[in-house]
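Trainee: generate coordinates for the sequence data below:
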Amino acid sequence: MLVKTFGSAVYGIKAATITIEVNVGQGINFFIVGLADAAVKESQQRMVSAIQTCGYHWPGKRIVINMAPADIRKEGSAYDLPLAIGILAATEQVSASHLDKYVIMGELSLDGGIHAIKGVLPIAINARDDGFKGLILPMANAREAAVVKGIEVIGVEDIRQVCDFLSDKLTIVPTVVDTVAEFAVNANSYDVDFSDVKGQENVKRALEIAAAGGHNIIMIGPPGAGKTMLAKRLPTIIPPLTLDEALETTKIHSVAGKIDSGTSLMTKRPYRSPHHTISDVALVGGGTYPQPGEISLAHNGVLFLDELPEFKRTALEVLRQPLEDRMITISRAKFSVEYPANFMLVASMNPCPCGYYNHPEKQCVCSPGVVQKYLNKISGPLLDRIDIHIEVVPVPFDKLYEARISESSSQIRERVVRARDVQVQRYAAHVGVHCNALISTKMLRKYCTLDEAGSALLKNAMARLGLSARAYDRILKVARTIADLEQCENIQSAHVAEAIQYRSLDRDNWAG
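Mentor: Residues are numbered from 1 along each chain as shown. Got it, this is the predicted structure:
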């Protein structure tokens, strides 16, 4: 008997429907065709044990399974459940009347239990778009899939439940998630706050500007000055995720298998802080079977690179293209996938190997030339793509001991949100542009015009600091953000002056 079940294959952050044709006839062999990988072919042993343990009969016949389209590679163990249900339906142990209404996915254990799988959110979106009534999948993934409206999500614990449900012997209530309510409750709940930070008012101001305009920022200062502490609190002042951003972010983390069973929707902006020993592939994504890298997992959030010069030079250089295009393309011989990578880069570094160059109290013990050699580990093209450079100095004792409570994240976020609202309205006619950091050179000429005093100031800074054309664009974007924070329609010379001072590492002979 020939039956069809339906599964789904994930590529990049999208999914495609897979038709699984099962034919049970005379003979004793077992075949899976349709470009299935080793994990799919190993499913036979898991299916035999699961089916027999749950009281069903494994057919001692010739079983041929075709997974179409045959030119798409099928990877992983998530096809165990649709394959097993197809075999049971082909041997008339399960009713086949409802199989065309559901996409079925899940990994089987030997006792018939069903384990969680990756990429459930794009699978659910694809199933809805292809007109399926529902999705049968592991209970651990049910809340994640239930974010998608317009499709029934049937969460199951074992293969017996699936068989009884398809045979109308068991009623399973679809999992429902109130996305809007859950999103509203958890949107701004953070464990850290800017009120914890003593002093560092100039750095807080730079981070506020970075958050308001979506700008990249690098902090340079001695150990213990608070660089990491400040970076961890940056997501608390960035405007909350919109519902569309939350869905897109959740989709990426779903594909990477980073969503736990209690989470349905990511409501906080991602904060990724990879160790400096990270490989190029782990940072940008890829592998034999491509997966999102750290830059994609930081999409719509913050990528924090602590001790920037300690990262491999090759790992840092691969950041250059995603910082410009906000997208990373992973190419292989037979296919390519795209992952979004619209993130804020936040980096920190010591000024020298010992960490105390330019320290107000401690003396640097590095030999001549070592400081410049240390800074040269970061290439000029990468620094050019970082809008704000800020020096962080140690906090004096009287500031640490001060009883006055610093400004909270919620207070700073209010100003940032107001500035972002101005930008959203300004760029409403431009698709994909919602903050100053994303505007093109053509838009720059339209929205970042300077008066005579501002032009003269910037011209002088360009000549003295030897800035590149890209640095010129970055200064204009930062100046535009400063003006937006002050609710000024036009960029003034004071805004340009403040933007210029955030180019510390462009100064001639900065390292002596």
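
Trainee: run the chain-centre distance for stretch 71-81.
Mentor: 24 Å (Cα atoms, centre = their mean, to the nearest Å).

Trainee: identify the residues contacting that stretch?
Mentor: 7, 9, 11, 16, 18, 20, 34-37, 39-40, 42-43, 46-47, 50, 67, 104-108, 114-115, 117-119, 136, 159, 162, 289 (Cβ atoms under 8 Å, 6 or more residues apart in numbering). All C-beta atoms are positioned from the backbone trio N, CA, C, and that covers glycine.

Trainee: out of those residues, which end up buried?
Mentor: 7, 9, 11, 18, 20, 34-36, 39-40, 43, 46-47, 50, 67, 104-108, 114, 117-119, 136, 159, 162 (16 or more other Cβ atoms under 10 Å).

Trainee: list the buried residues of stretch 265-278.
Mentor: For stretch 265-278, burial by neighbour count (16+ other Cβ under 10 Å) applies to L265, M266, T267, K268, R269, P270, Y271, R272, P274.

Trainee: test my guess that the third one contacts F183.
Mentor: If I follow you right, that is T267. Yes. Look at T267 against F183 with Cβ atoms under 8 Å: they come within range, at 5.3 Å.

Trainee: follow-up on the earlier one: among the contacts of stretch 71-81, which ones are in helices?
Mentor: Among the contacts of stretch 71-81, the ones falling in helices (DSSP state H) are A39, V40, S43, R46, M47, A50, I159, V162.

Trainee: C-terminal to the helix or strand of the chain with the lowest mean pLDDT, what's the next element?
Mentor: Least confident helix or strand, the chain: helix 397-400 with a mean of 70, by mean pLDDT, DSSP states H and E. Counting by DSSP states H and E, the next helix or strand C-terminal to helix 397-400 is helix 409-426.

Trainee: so for that following helix, what gets flagged as buried?
Mentor: Neighbour counts over helix 409-426 (16+ other Cβ under 10 Å) mark S409, I412, R413, R415, V416, V417, A419, R420, V422, Q423, R426 as buried.

Trainee: related to what we said a few turns ago, which one of the ones in helices among the contacts of stretch 71-81 is nearest S189?
Mentor: Among these, V162 lies closest to S189 (Cβ to Cβ), at 36.2 Å.

Trainee: give the contact list for that closest one.
Mentor: L81, I85, I104, I114, I136, V156.

Trainee: H275 too?
Mentor: Per Cβ under 8 Å, 6+ apart, neighbours of H275: none.

Trainee: that one and Y374, how far apart?
Mentor: Distance of H275 to Y374, computed by Cβ to Cβ, to the nearest Å: 19 Å.

Trainee: what do you get for I491?
Mentor: When I491 is compared with Y374 (using Cβ to Cβ), they lie 35 Å apart.

Trainee: mind checking which of these two has more residues around it?
Mentor: Between I491 and Y374, counting by other Cβ atoms under 10 Å, I491 is the more crowded of the two (22 against 19).

Trainee: okay, now the sheet partners of the top strand by length along the chain, with direction.
Mentor: When the chain is parsed with DSSP state E, its longest strand is strand 14-25. Neighbouring strands of strand 14-25 in its sheet, by DSSP bridges, are strand 2-11 (antiparallel), strand 62-68 (antiparallel).

Trainee: for I295, find the nearest of those strands.
Mentor: Proximity to I295 (Cβ to Cβ) singles out strand 2-11 among those, at 18.6 Å.

Trainee: so what pLDDT did R404 get?
Mentor: Per-residue confidence (pLDDT) for R404: 73.

Trainee: how about the one 10 residues further on?
Mentor: The confidence metric pLDDT takes the value 94 at E414.

Trainee: how near is it to R143?
Mentor: Separation of E414 from R143 (Cβ to Cβ) stands at 32 Å.

Trainee: related to what we said a few turns ago, inside strands: which ones of the buried residues of stretch 265-278?
Mentor: Going by DSSP E, the strands hold Y271, R272 from the buried residues of stretch 265-278.

Trainee: quick one: low-confidence parts of the stretch 301-450 of the chain?
Mentor: Scanning the stretch 301-450 of the chain for pLDDT under 70 picks out 398, 400-403.

Trainee: can you give me the helices for it?
Mentor: Along the stretch 301-450 of the chain, counting by DSSP state H, counting those that start in this stretch, helices occupy 313-317, 320-325, 370-375, 380-384, 397-400, 409-426, 441-447.

Trainee: the stretch 101-250 of the chain too?
Mentor: Using DSSP H, counting those that start in this stretch, helices in the stretch 101-250 of the chain cover 120-129, 142-145, 159-166, 179-186, 201-213, 227-232, 243-255.

Trainee: which residues touch the residue positioned nearest the centre of the chain?
Mentor: In the chain, the centroid-proximal residue (Cα atoms, centre = their mean) is L297; its distance is 2.5 Å. Shown in contact with L297 (Cβ under 8 Å, 6+ apart): I252, H253, A256, K258, P270, R272.

Trainee: can I get those residues in JSON lines with pLDDT?
Mentor: JSON lines is the format used below for the contacts of L297 (pLDDT from 0 to 100):
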{"residue": "I252", "pLDDT": "94"}
{"residue": "H253", "pLDDT": "93"}
{"residue": "A256", "pLDDT": "90"}
{"residue": "K258", "pLDDT": "89"}
{"residue": "P270", "pLDDT": "93"}
{"residue": "R272", "pLDDT": "95"}
